[in-house]
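Participant: kindly generate the corresponding structure for this input.
(one chain, ligands or ions: 2)
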Amino acid sequence: MRLTTIGTGTAAPHPRRAQAGTLLESGPVSLLIDCGSAVVTRMAERGLDWPGITHVATTHFHADHTSDLATLIYGWRYGLLPPRSAPATLLGPPGFAARLDGMKAAFGEGLLDAPPPLSVVELEPGTPFPLAEGLALESFKVPHTAESVAYSVSGRGWRVVVSGDTGPDPGLAGWAAGCDVLVLECSLPDSLALPIHLTPRQCGELALIAQPRHLVLTHFYAPVEAEDITAQVAERFGGPVTCAYDGWTLTLEDS
Ligand SMILES: [Zn+2]
Ligand SMILES: [Zn+2]
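Facilitator: Ligands and ions are numbered 1, 2, ... in the order given. Here you go, the predicted model:
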């Protein structure tokens with residue numbers, strides 16, 4: 001399995017950080033979690049296989065997590081010769097299909113027509129979705145917007161949890177407990193803390209409970225980048241911590 005943080009930025013346009021997007025590749029599965037602005041371009045820039053994405057999972061409907069969905073679908077249809085014919089699955093929390101209908105209204109009725117054939121799945125939190133033999137996606141409700149979820153991908157001897165945007169939540173920490181990789185948003189410094197985002201110390205607090213083998217931080221607004229993020233996390237969590245950048249990768253052996 002290879003995990004790549006494609007976009008480590010936020011709603012604030014940034015010269016070196018595309019908006020939210022994390023890619024997880026394992027066997028026949030290429031799962032993109034969130035697709036904010038510049039994520040598809042960043043994949044092309046890094047030579048990553050955007051035409052071969054099999055699943056896109058949306059954590060919530062904020063534009064910095066969804067605005068490149070249409071870019072990706074248009075790329076598959078109009079940016080490849082011949083157009084992509086392999087089906088793809090678009091997943092999101094309840095309410096996702098109505099949001100895609102809204103995109104259809106903006107971009108034209110054809111947005112969701114084949115090619116490629118697109119399946120739209122509204123995933124209920126706690127209901128596993130099979131991505132492939134022995135590999136499942138599951139969601140967990142998190143405090144950010146009404147629909148916001150975190151995702152877990154597990155099977156083949158490992159489990160990866162991606163928080164999406166979230167505030168502090170012991171429930172999320174418990175759900176993520178013992179995972180191999182925990183990708184957490186790390187939006188704001190203590191001085192700007194909000195109940196719907198995490199600070200480095202709150203990431204440390206969450207990781208102290210979850211005890212992932214590796215903590216990966218993403219979704220940095222500029223003010224938090226002025227802080228010593230890893231030192232603040234280390235006040236609570238003693239394990240390995242990475243502040244991700246666009247294109248950072250980690251590989252885990254499949255069993
Ligand atoms: Zn965001
Ligand atoms: Zn958000």
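Participant: helix, strand, or coil at the residue of the stretch 1-150 of the chain found nearest ligand 1?
Facilitator: Nearest residue of the stretch 1-150 of the chain to ligand 1, counting by CB to the ion: residue 64, 4.4 Å away. Every C-beta, even on glycine, is put in place using the N, C-alpha and C of the backbone. Under the three-state scheme (DSSP: H, G, I helix; E, B strand; the rest coil), residue 64 adopts helix.
Participant: need the residues of the stretch 151-255 of the chain near ligand 2, please.
Facilitator: residue 165 (CB under 5 Å from the ion).
Participant: residue of the stretch 151-255 of the chain nearest ligand 1, please.
Facilitator: residue 165 (4.4 Å).
Participant: in the protein, which spans are strands?
Facilitator: 2-7, 21-26, 29-33, 55-57, 88-92, 118-122, 129-132, 135-141, 149-155, 158-162, 181-185, 214-218, 241-243, 248-251 (DSSP state E).
Participant: was I right about the residue of the stretch 151-255 of the chain closest to ligand 1 contacting residue 188?
Facilitator: No - proximity of residue 165 to residue 188 does not meet the contact threshold set by CB atoms under 8 Å, at 11.1 Å.
Participant: the closest residue to ligand 2 within the stretch 101-250 of the chain: neighbouring residues, count only.
Facilitator: The nearest approach of the stretch 101-250 of the chain to ligand 2 comes at residue 165, 3.6 Å away (CB to the ion). When neighbours are counted by other CB atoms under 10 Å, residue 165 registers 25.
Participant: all set, thanks.
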